[in-house]
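1. Sequence first, then the predicted structure, then my questions.
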Amino acid sequence: MANEKVVLSLIQPTGTPTLGNYLGALRNWAKMAEDYNCIFGCADLHSITIRTEAQDLKKRTRDLYALLIALGLNPEKNIIFVQSQVPQHSELAWILNCYTMFGEASRMTQFKEKSAKHSDNVNVGLFTYPTLMAADILLYQADYVPVGEDQRQHLELTRDIAERFNGIYGEVLKVPEPLIEQSGAKIMSLAEPTKKMSKSDPNNKAFILLDDTPDVIVKKIKSAVTDSDARVYFSDDKPGVANLMNIYSVCTGKSYDDIETEFENKGYGDFKLAVAESVIEELKPLQVEYKRILAEKAYLEECATKGAQKAQYVAQKTLHKVKKKVGFWN
Ligand code: TRP
């Protein structure tokens, strides 16, 4: 390992990630794990802030765990764990709740958005979601957290909580930094290319899921919104074409110039087919590996058990320090 710095990230088991999640972040994780001491988790505790069927939650958690391994992360070398199997998260989250101001939590834009979207279930967990996330990060003394734009405010809050705690008790918690993805691509919706690709889009042709079959991928890309200009070149005025060029470029390694030359005298039909082909090729090895690992139920369970043990070991050290500082009777 080039570097002993700790990189930590958790993903919510909300279903199969999209091509956007993959090209934007997940694809780089195996490489990142070579360079850093990486800790990855399935944030299933966060997932119950939105009502979820028990069987669905279990399946999605297992699927996500398998996906992390299929991405090339090594469960022997990295810590890959399920959040609910490491009780220290809930315990530290409670303590951090008492070092987080009501006003701070009220300002979180994700809380405002989610409570508007799920107005029938604005539970307290939705409100304290960021303190659980702070616990996830601070328990492992993480140096870096790779975050997208949507989680940046939560990471800022985590830093504020850590600094506040340290201000009272001394240097107990490492103050984490965001890790800006170096080669992450921002993939936009296929239906509305000025919006980010998201699987919560009600139009299921707007996104590609990592387990979409080749037929489905072709169909979705064929129906992607372009423009009436019928020429393949990169321009901010052509967000649909620019998005497809971006996808094609990331999947094939070709530059925009190369792509413009390649499709100089061709229409969008040919271009879209080539993009679809490149996505199918890009996802194929991952899909094969994912399927293989999902079938190995005993192996997966063993990895999760070991992962939880390793995570608990690290997390307990921080929790112990925190409890001592706060003054709990040991
Ligand atoms: N809240 C994050 C999301 O929805 C998931 C998450 C939970 C997370 N705990 C974390 C991300 C800790 C980074 C670090 O995307």
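-> Structure's in. What do you need?
2. can you pull the buried residues of whichever helix or strand Gln309 is part of?
-> Assigned by DSSP states H and E, Gln309 belongs to helix 297-326. For helix 297-326, burial by neighbour count (16 or more other CB atoms under 10 Å) applies to 300, 303-304, 307-308, 310-312, 314-315, 318-319, 322, 325. Where C-beta positions appear, they are placed from N, C-alpha and C, glycine not excepted.
3. now stretch 90-98
-> For stretch 90-98, burial by neighbour count (16+ other CB under 10 Å) applies to 91-93, 95-97.
4. if we can go back for a sec, turn the buried residues of helix 297-326 into TSV, columns for distance to Glu289 and pLDDT.
-> Below are the buried residues of helix 297-326 laid out as TSV (distance: CB to CB, whole Å; pLDDT from 0 to 100):
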residue	distance to Glu289	pLDDT
Leu300	13	98
Cys303	14	98
Ala304	18	98
Gly307	18	98
Ala308	23	98
Lys310	23	98
Ala311	24	98
Gln312	28	98
Val314	27	98
Ala315	29	98
Thr318	33	98
Leu319	35	98
Val322	39	98
Lys325	44	98
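5. could you dump those residues to JSON lines with distance to Arg164?
-> Shown next, in JSON lines, are those (distance: CB to CB, whole Å):
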{"residue": "Leu300", "distance to Arg164": "39"}
{"residue": "Cys303", "distance to Arg164": "36"}
{"residue": "Ala304", "distance to Arg164": "34"}
{"residue": "Gly307", "distance to Arg164": "30"}
{"residue": "Ala308", "distance to Arg164": "29"}
{"residue": "Lys310", "distance to Arg164": "29"}
{"residue": "Ala311", "distance to Arg164": "25"}
{"residue": "Gln312", "distance to Arg164": "26"}
{"residue": "Val314", "distance to Arg164": "23"}
{"residue": "Ala315", "distance to Arg164": "20"}
{"residue": "Thr318", "distance to Arg164": "16"}
{"residue": "Leu319", "distance to Arg164": "18"}
{"residue": "Val322", "distance to Arg164": "13"}
{"residue": "Lys325", "distance to Arg164": "13"}
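6. I figured Lys196 hits Asn21, correct?
-> No - using CB atoms under 8 Å, Lys196 makes no contact with Asn21, being 10.2 Å away.
7. now the angle between helix 297-326 and the helix or strand where Ile137 lies, please.
-> Using DSSP H and E, Ile137 sits within helix 124-138. Put simply, helix 124-138 runs at 90 degrees to helix 297-326, going by axes from the mean of the first three to the mean of the last three CA atoms, to 10 degrees.
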